[in-house]
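1. mind looking at a prediction? Sequence and model below.
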Amino acid sequence: MNKIIKEIENTKIIPVVTVQNVTQGLHIMDALAEGGLPAAEITFRTEAAAEAIRAMCRKYPDALIGAGTIINVRQAEEAAAAGAKFLVSPGYSDEVVNYCIERNIAVLPGCMTPTDILRALAAGLSMVKFFPAEPAGGLRLLKALSEPFPKLRFMPTGGISKDNLMEYLNFSKVVACGGSWITKPAKENDFAAVRQEAENAVKLVCRWKEQG
Ligand code: 3PG
């Protein structure tokens, strides 16, 4: 679990991907890998999610491929069986978190309030998803939430783009950011644009790391 959290921290950006079918999923993963960002959170918002994760993991066994929008244990089981290395939920689900902890699977439940965070801390988690980041109040809310919980770290997602990414990364409690801006062009099957967005994102992260 900690190894995967470290990988997420090192990658800094987790592209959120909703796939229509397995072939499209593989094209997206090809584009991300070619762009230097072999990481993806495949949302369980379409029927194709589990099969796409399975195919992507087969083709890219070393890539950081996880599952998102996991809202119950049935989906958590499907995602884990398909090879997802981490699971993300939009909100805090005790059953999903407990399922993952018992199996040593990295899990990032969505937290937006102090009460959500108290539940995450009680479960022993050290990192959660801050969702939906921008609509909920953005960095201002995240900084206020961090005050009483200085040890907790976050992956903000929801409304993150290349325009505000750096501001989030500059906050020390942010481990990585999630977002769909990189893979949006895949809706029009423009995989060259996905690759370009991935390259741009990697450049931003390199610049951020150099600034130290
Ligand atoms: C998610 O599933 O985490 C969000 O829908 C991604 O948010 P974004 O589309 O605003 O990046």
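-> It's in.

2. and for residue 67, the neighbour number?
-> Using other CB atoms under 10 Å, the number of residues around residue 67 comes to 28. Where C-beta positions appear, they are placed from N, C-alpha and C, glycine not excepted.

3. ah, wrong one, I meant residue 78
-> Residues near residue 78, counting by other CB under 10 Å: 19.

4. wait, it sits on residue 51?
-> No. At 9.7 Å, residue 78 does not count as touching residue 51 under the criterion of CB atoms under 8 Å.

5. distance check, residue 82 against residue 54.
-> Residue 82 is 4 Å from residue 54, where distance means CB to CB, to the nearest Å.

6. who in this structure is up against the ligand?
-> Applying CB under 6 Å from any ligand atom, one finds that the chain approaches the ligand through 16, 43, 68-69, 131, 157-160, 178-181.

7. now those residues as CSV including secondary structure and pLDDT?
-> Listed next are the residues of the chain next to the ligand as CSV, based on DSSP: H, G, I helix; E, B strand; the rest coil; pLDDT from 0 to 100:
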residue, secondary structure, pLDDT
16, strand, 98
43, strand, 98
68, strand, 98
69, coil, 98
131, coil, 98
157, strand, 98
158, coil, 98
159, coil, 98
160, coil, 97
178, strand, 98
179, strand, 96
180, coil, 97
181, coil, 97
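
8. out of the residues you listed, grab the one that's most surrounded.
-> residue 68 (29 neighbours).

9. which ones are touching that one?
-> Applying CB atoms under 8 Å, 6 or more residues apart in numbering to residue 68 gives the contacts 16, 41-44, 87-89, 178.

10. let's see 10 Å
-> 14, 16-18, 40-45, 49, 79, 84, 86-90, 108, 110, 129, 131, 157, 178, 180 (CB atoms under 10 Å, 6 or more residues apart in numbering).

11. related to what we said a few turns ago, mind listing the shared neighbours of residue 82 and residue 54?
-> Residues touching both residue 82 and residue 54 (CB under 10 Å, 6+ apart) are residue 65.
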